[in-house]
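Peer 1: Generate coordinates for the sequence data below:
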Amino acid sequence: MGIYEELQERGLIAQVTDEKEIRELINNGGARFYIGFDPTADSLHVGHFMALCLMKRLQMAGNRPVVLIGGGTGYIGDPSGRSDMRTMMTPEIIEHNCACFKKQMERFIEFGEDKAVMVNNADWLLDLNYIQLLREVGAHFSVNNMLRAECYKQRMEKGLSFLEFNYMIMQAYDFYHLNEALGCNMQFGGDDQWSNMLAGTELIRRKTGKDAYAMTITLLLNSEGKKMGKTQSGAVWLDPEKTPPFDFFQYWRNVADADVLKCLRMLTFLPLEKIREMETWEGSQLNVAKEILAWELTNLVHGKAEADRCLEAAHALFAGGGSKADMPSFALSDADFTDGAILLPELLVKTGLCPSKGEARRLIQQGGVTVNDEKVTDFSASYPAAAFEGEFIVKKGKKVFLRVTK
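Peer 2: Residues are numbered from 1 along each chain as shown. Here you go, the predicted structure:
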């Protein structure tokens, strides 16, 4: 089985411009491909995860990746998947975010001579002459065709800024520049980038007469059709300071039964033969599959030692004993207490376990809250500040644990 066929079986391929050529290129290690990452935050998140894993898979198959950091396009902001315009970042923030991305990517991609390279499109986009760009690049774009693109159509109702309208041209120019400078013959990206990627292949054809190719990756959706990688408190980050390893582990440990095998196929490097064996698993066996998923992904992002520690901590929690040092924690401040105490519903909201006091009360009354191994059904329960100086463990439902301190 070639790498293309493996990507197909793993459910990773969404759209391709020329299946025959792309199959031959990547199966024979002939792809010099790039994937772009705009530095919209100081950490990569689960939304970037499949792209990183795809780069790793293709590099292992002999293809050469180019990691493009959008230090230039970050000044504009991608309108894809957005209902409003992104907050404009300062040059200092963009530069800082780019540096953070590079550090995290080195866990996935092997950089070096004849291996992967990292480039920043600020190096060529920021020096462009506007009139020259309009004449040499803008002349090849049809406004009518651009407005039919999905990334723009969804923004037309609320208003699409001219700033964002230029994003497609910038991304297409990136592909053209990398094709000329580094011989990039392929671009990969999320399925929401299809229109932008086609613009790049067309610009290369018009400017050089050469063929270039594009392939989009299936978006990571759960069984309800919603994007995975978000929690009640926000995105699941790869930075351990933003999403602690144990929280990262628990996110994957708690995926729905209907999603675990899909995640194993799309995100892990487990052999497909082993995953096929799991397709007959049911009941408690699915919990084993979820532990395998959580361990594999935590190992990829944070390393084996951290993955082992998270697995041990999870076993300790569910077994009701052992070390709980890796449990996520929340520190209360003096301002969180009234007359030296805090009500349980307020505690649940302050720690982020519940979005509102109303939901907290319902959860308590339904028996969904445990404090220090004792179920609490009285929503008027109150705890003094001194209670948080020792071990104070709050459990929400069966799977969410939190150590609360002061």
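Peer 1: which residue ranges form the strands in the stretch 201-350 of the chain?
Peer 2: 213-217, 230-231, 234-235, 329-331, 341-343 (DSSP state E, counting those that start in this stretch).
Peer 1: Am I right that Leu178 is in contact with Tyr34?
Peer 2: Yes: assessed by Cβ atoms under 8 Å, Leu178 is found in contact with Tyr34 at 5.6 Å. Yep, even glycine has a C-beta here, placed from its N, CA and C like the rest.
Peer 1: Identify the contacts common to these two.
Peer 2: Listed as contacting both Leu178 and Tyr34 by Cβ atoms under 8 Å, 6 or more residues apart in numbering are 66, 68, 184.
Peer 1: Out of those, which is nearest to Arg276?
Peer 2: Val66 (33.2 Å; Cβ to Cβ).
Peer 1: so what's that closest one closest to, chain neighbours aside?
Peer 2: Of all residues not flanking Val66 in the chain, Tyr34 sits nearest, at 3.9 Å (Cβ to Cβ, 6 or more residues apart in numbering).
Peer 1: Hmm, that neighbour is touching Ile69, no?
Peer 2: No: contact criterion Cβ under 8 Å: Tyr34 and Ile69 do not qualify, at 10.7 Å.
Peer 1: And the strands in the stretch 1-150 of the chain?
Peer 2: Using DSSP E, counting those that start in this stretch, strands in the stretch 1-150 of the chain cover 13-16, 32-37, 64-69, 117-120.
Peer 1: which other helices and strands contact the second one?
Peer 2: Read it as strand 32-37. Contacts defined by 3 or more Cβ pairs under 8 Å, 6 or more residues apart in numbering; DSSP states H and E place strand 32-37 against helix 46-60, strand 64-69, helix 167-182, strand 186-190.
Peer 1: Partner strands of it and their direction?
Peer 2: strand 64-69 (parallel), strand 186-190 (parallel) (DSSP bridges).
Peer 1: of all those strands, which gets the most neighbours per residue?
Peer 2: When those are scored by mean count of other Cβ atoms under 10 Å, the highest mean neighbour count falls to strand 186-190 (a mean of 25).
Peer 1: Can you list the neighbours in contact with that strand?
Peer 2: Counting by Cβ under 8 Å, 6+ apart, 22, 25-26, 31-36, 47, 50-51, 54-55, 58, 175, 196-197, 200-201, 212-217, 219 sit against strand 186-190.
Peer 1: Off-centre distance for it?
Peer 2: 16 Å (Cα atoms, centre = their mean, to the nearest Å).
Peer 1: related to what we said a few turns ago, count of neighbours near the residue nearest to Val66?
Peer 2: Per other Cβ atoms under 10 Å, the neighbour tally for Tyr34 reads 26.
Peer 1: That one and Ala331, how far apart?
Peer 2: With distances taken as Cβ to Cβ, to the nearest Å, Tyr34 is found 43 Å from Ala331.
Peer 1: what does the domain assignment say about this structure?
Peer 2: The record's domain split for the chain, according to automatic domain parsing, is 3-217, 230-319, 329-405.
Peer 1: Show me the one of the ones you listed that comes nearest Ser223.
Peer 2: Of all the domains of the chain, domain 230-319 comes closest under Cβ to Cβ, at 3.9 Å.
Peer 1: lowest-pLDDT helix or strand in the chain?
Peer 2: helix 150-156 (a mean of 66; mean pLDDT, DSSP states H and E).
Peer 1: next SSE after that one?
Peer 2: helix 162-165 (DSSP states H and E).
Peer 1: what separates that next one from the chain centre, distance-wise?
Peer 2: Per Cα atoms, centre = their mean, the centroid offset for helix 162-165 relative to its chain is 25 Å.
Peer 1: so what secondary structure elements neighbour it?
Peer 2: Going by 3+ Cβ pairs under 8 Å, 6+ apart, helix 162-165 lies up against no helix or strand.
Peer 1: Buried residues of it, list them for me.
Peer 2: Using 16 or more other Cβ atoms under 10 Å as the burial criterion, the residues of helix 162-165 that qualify are 164-165.
Peer 1: ditto for stretch 110-125
Peer 2: Applying 16+ other Cβ under 10 Å to stretch 110-125 flags 116-122, 125 as buried.
Peer 1: Could you give the number of residues near Arg361?
Peer 2: Count around Arg361 with other Cβ under 10 Å applied: 17.
Peer 1: Could I get the contacting residues of it?
Peer 2: Contacts of Arg361 (Cβ under 8 Å, 6+ apart): 345, 379.
Peer 1: Let me know the helix or strand that it is in.
Peer 2: helix 357-365.
Peer 1: who's in contact with the next helix or strand after that helix?
Peer 2: Next along the chain after helix 357-365, taking DSSP H and E as the criterion, comes strand 369-371. Contacts of strand 369-371 with the rest of the structure, by Cβ under 8 Å, 6+ apart, involve 344, 348, 363, 375-376, 381, 383, 392-396.
Peer 1: quick one: which of these sit in helices?
Peer 2: 344, 348, 363 (DSSP state H).
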